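J.: From the sequence below, what's the structure:
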Amino acid sequence: EVHLVASGGGSVQAGRSLNLSCTVSGFTFDESDMGWYRQGPGKKCELLINLRRDGSSYYADSVEGRFTATQDKVKNIMYLIMNKLEIGDTAMYYCAAEAWFKDCFDGPGWGQGTQVTVSA
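T.: Predicted coordinates for the structure are as follows:
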């Protein structure tokens, strides 16, 4: 059974850093492209980063240069390293296995989220 849980969220001041983890089970990273998403208050679900099995990646303009995603294929954990956080980064953050989800919040490949709150 495919299962993903994001963790590591919290409250931080603007300009600081925070690292999130996405622990997966039921599959390996070699079986699916992976993504980090977020949904801020009153905003649509937003794709932040896509890590593809061919080694390529996509970073949204909003996080390019500040956020980095990596994978530990031994531990089956995907990480999101967030630097220079801004108040606009406040959101619920989710990880997803794109082989098993159709859209945000839809499908077993959509993980449990973690809240990130950035204050002035």
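J.: Quick one: the strands in this protein, in order.
T.: 3-7, 10-13, 18-25, 34-39, 46-51, 57-59, 67-72, 77-82, 91-97, 114-119 (DSSP state E).
J.: quick one: which of those is nearest residue 104?
T.: With distances scored as CB to CB, the stretch of these nearest to residue 104 is strand 34-39 (6.2 Å). From N, CA and C alone the C-beta is placed, and that goes for glycine too.
J.: what about stretch 1-13, start to end distance?
T.: By CA to CA, to the nearest Å, the extent of stretch 1-13 from end to end equals 37 Å.
J.: Next: stretch 4-14.
T.: Across stretch 4-14, first to last residue, CA to CA, it's 28 Å.
J.: Reformat the strands of the chain into CSV and put distance to residue 106, mean pLDDT and mean neighbour count next to each item.
T.: Listed next are those as CSV, based on distance: least, CB to CB, whole Å; pLDDT from 0 to 100; neighbours: other CB atoms under 10 Å:
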stretch, distance to residue 106, mean pLDDT, mean neighbour count
strand 3-7, 14, 97, 19
strand 10-13, 27, 98, 12
strand 18-25, 18, 98, 18
strand 34-39, 12, 98, 23
strand 46-51, 14, 97, 18
strand 57-59, 20, 98, 15
strand 67-72, 22, 98, 16
strand 77-82, 20, 98, 20
strand 91-97, 10, 98, 24
strand 114-119, 19, 98, 17
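J.: wait, doesn't residue 120 sit right on residue 12?
T.: No: applying CB atoms under 8 Å as the test, residue 120 and residue 12 come out as separate, 11.2 Å apart.
J.: and the residue most central in space within the chain, how far is that from residue 88?
T.: The centroid of the chain falls nearest to residue 36 when counting by CA atoms, centre = their mean (2.6 Å). Look at residue 36 and residue 88: by CB to CB, to the nearest Å, they are 16 Å apart.
J.: Same check on residue 37?
T.: 15 Å.
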